[in-house]
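Trainee: Give me coordinates for this.
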Amino acid sequence: MTKPLTKDERDGFIEFAKQAGMIQDGEVWFSPSCENCDVYTVELLFFAKLVVEKEREACALIADEAIDFWVQRAYPESAEVREAQNIAESIRARGQA
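Mentor: Below you'll find the model as predicted:
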């Protein structure tokens, strides 16, 4: 379940859509290069939110790989493991805030 968008997130996603060349007509967005490709604002924002969540988890998994690297080398209590754990937790927490 995704958390609701903040105003800053919503505004940011709308700016990204504009930068991508999409045009807004009320609550409908369209691309001038694609006929019959209308998207409602709520759908556009939900899609953007899902992309952000997927990317955030992919970044956290990189930190998880670092944890595995140090644990496999017999350093499960090392500063590197603790730091990688902190990084992974911080990345994931951004989706909970």
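Trainee: chain center to stretch 78-97: distance?
Mentor: Distance of stretch 78-97 from the chain centroid (C-alpha atoms, centre = their mean, to the nearest Å) equals 16 Å.
Trainee: Can you give me the buried ones in that stretch?
Mentor: For stretch 78-97, a neighbour-count test (16 or more other C-beta atoms under 10 Å) marks Val81, Ala84, Ile87, Ala88, Ile91 as buried. (C-beta placed from N, C-alpha, C; glycine too.)
Trainee: which one of the residues you listed sits closest to Glu9?
Mentor: The closest of the buried residues of stretch 78-97 to Glu9 turns out to be Ile91 (C-beta to C-beta; 16.2 Å).
Trainee: List the contacts of the closest one.
Mentor: Arg56, Cys59, Ala60, Ala63 (C-beta atoms under 8 Å, 6 or more residues apart in numbering).
Trainee: Am I right that the first one is in a helix?
Mentor: Yes: under DSSP: H, G, I helix; E, B strand; the rest coil, Arg56 falls within a helix.
Trainee: give me the number of residues near it?
Mentor: Arg56 has 15 neighbours, counted by other C-beta atoms under 10 Å.
Trainee: can you pull the contacts of it?
Mentor: Going by C-beta under 8 Å, 6+ apart, the list of residues near Arg56 reads Ile91, Arg92, Arg94, Gly95.
Trainee: How about the third one?
Mentor: Shown in contact with Ala60 (C-beta under 8 Å, 6+ apart): Ile87, Ala88, Ile91, Arg92.
Trainee: sorry, back to before: make a markdown table out of the contacts of Ile91 and add pLDDT, distance to Pro76 and secondary structure.
Mentor: Shown next, in a markdown table, are those (pLDDT from 0 to 100; distance: C-beta to C-beta, whole Å; DSSP: H, G, I helix; E, B strand; the rest coil):
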| residue | pLDDT | distance to Pro76 | secondary structure |
| --- | --- | --- | --- |
| Arg56 | 92 | 25 | helix |
| Cys59 | 94 | 23 | helix |
| Ala60 | 94 | 19 | helix |
| Ala63 | 93 | 15 | helix |
